[in-house]
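>>> structure, please.
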Amino acid sequence: SILYAVQDIYKTTGKMPVVVATTAKSSRATISAKTLGDIAEKDPVLLIFGTGWGFAPEVFDMVSYVLEPIEGAGEFNHLSVRSAVAILLDRITRR
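Predicted coordinates:
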């Protein structure tokens, strides 16, 4: 669960992680990959990925930010989690 992951990160680092959810909806996004990369240079980040169905509404109440989605060439923007992780980690850590 998210809470266990947060506790484990805190025990390991001594800092509370910034919890960030992903989304396929641009209207829900509150942070860019570049800005999240800036935060991640200073603080631990817990980036959570959902399924094609998205997260339950309660999950969004538990996060600090919602990461901007990966925009494709068309309207379809759902990717396999493996692909989404690879793309977003590249965008977040790119300097």
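>>> pLDDT weak spots in this structure?
Residues of the chain meeting the criterion pLDDT under 70: 74, 76-78, 95.
>>> residues touching residue 2, list them.
Taking CB atoms under 8 Å, 6 or more residues apart in numbering, we find residue 2 in contact with 19, 46, 48, 59, 62. From N, CA and C alone the C-beta is placed, and that goes for glycine too.
>>> hmm, the last one is touching residue 18, no?
No. When contacts are counted by CB atoms under 8 Å, residue 62 is not listed as touching residue 18 (12.0 Å).
>>> more crowded one of these two?
residue 18 (19 against 13; other CB atoms under 10 Å).
>>> if we can go back for a sec, ok, and the most crowded of the contacts of residue 2?
Across the contacts of residue 2, neighbour numbers were computed from other CB under 10 Å; residue 19 holds the maximum, 20 neighbours.
>>> list the contacts of that one.
2, 6, 45, 46, 48, 62, 63, 64, 65.
>>> can you report how many residues lie near the last one?
The burial count assigned to residue 65 is 18, neighbours taken as other CB under 10 Å.
>>> next one: phi and psi at residue 38?
Main-chain torsions, residue 38, degrees, to the nearest 10: phi -60, psi -40.
>>> please renumber the chain so that the first residue is 530 from this point on.
Let's use 530 as the start, then, which means that last one is residue 567.
>>> against residue 615, how distant is the residue nearest to residue 555 when sequence neighbours are not counted?
For residue 555, ignoring the flanking residues on the chain, the nearest one in space by CB to CB, 6 or more residues apart in numbering is residue 598 at 5.9 Å. For residue 598, the distance to residue 615 equals 15 Å [CB to CB, to the nearest Å].
>>> residue 550 - that's part of a helix, no?
No. Residue state for residue 550 (DSSP: H, G, I helix; E, B strand; the rest coil) corresponds to strand; a helix is not indicated.
>>> ok, it to residue 557 distance?
When CB to CB is the yardstick, residue 550 and residue 557 sit 9 Å from each other.
>>> and the two most separated of the contacts of residue 531?
Pairwise distances across these peak at 12.0 Å for 575 and 588 (criterion: CB to CB).
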